[in-house]
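Colleague: Here is a sequence together with a model predicted from it:
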Amino acid sequence: MSTIITSRDDLPKDILELLIEAKKVSVNAYNRYSNFFVGAAVKTTSGKIYTGTNLENASYGLSICAEPAAIMNANSNGDNNIEIIAIVGGFNEDPKQEPVTPCGRCRQVIYEASQIVGKDIKVYCSNLNLSKIRVTTIEELLPFAFHLKEV
Ligand code: THU
């Protein structure tokens, strides 16, 4: 069951670190059409962290979200056994903003990563202020997901 955390102090140290890495890169979002900042950070079984931001396009539908950017970064480094993903997003650092949760397409992309690692992936969704964090998993975010085979 998904839970909400409203104090950083209640987060395990490694999760806070992952959220901070996601927040750090969110300032690099190429978001000239929406002005919405998103940063994602994935942690693999090797313990390494890979980040990504959203990258928009004048042809709006071609925009790329932060989550696949981070996952592709891990894959490009030959390190794609992802165990945890942290996502932070918002228009600004208003502490009252809700956590950003991944869009439907991103859920399917994260699900594929869970097939690669062979287990459920922990998903931490936050606002930019890191003051409201939804704790969930990809199985919970995308039940009965489409897949072709168990990898
Ligand atoms: N966006 C993400 O990068 N990840 C999400 O989980 C939600 C939406 C981006 C896409 C677009 O650049 C902007 O946020 C507004 O939708």
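Modeller: Yes, it's here.
Colleague: switch to C-alpha atoms for all contacts and neighbour counts from now on
Modeller: OK.
Colleague: Residues of this structure that sit close to the ligand?
Modeller: The chain comes close to the ligand at residues 31, 34, 36, 38, 54-56, 63, 65-66, 101-103, as judged by C-alpha under 6 Å from any ligand atom.
Colleague: ok, 8 Å please
Modeller: 29-31, 33-39, 53-56, 63-67, 87, 89, 100-103, 106 (C-alpha under 8 Å from any ligand atom).
Colleague: Restricted to buried residues, select these in ChimeraX.
Modeller: Here is the ChimeraX command that picks out the buried ones among the residues of the chain next to the ligand, judged by 16 or more other C-alpha atoms under 10 Å:
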select :29,30,31,37,38,39,53,54,55,56,64,65,66,67,87,89,100,101,102,106
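Colleague: Give the full set of residues in contact with the residue nearest the centre of the chain.
Modeller: Taking C-alpha atoms, centre = their mean, the centroid of the chain lies closest to Ile87, which sits 3.4 Å from it. Ile87 is in contact with 19, 22, 38-41, 66-67, 100-102, 123-126, counting by C-alpha atoms under 8 Å, 6 or more residues apart in numbering.
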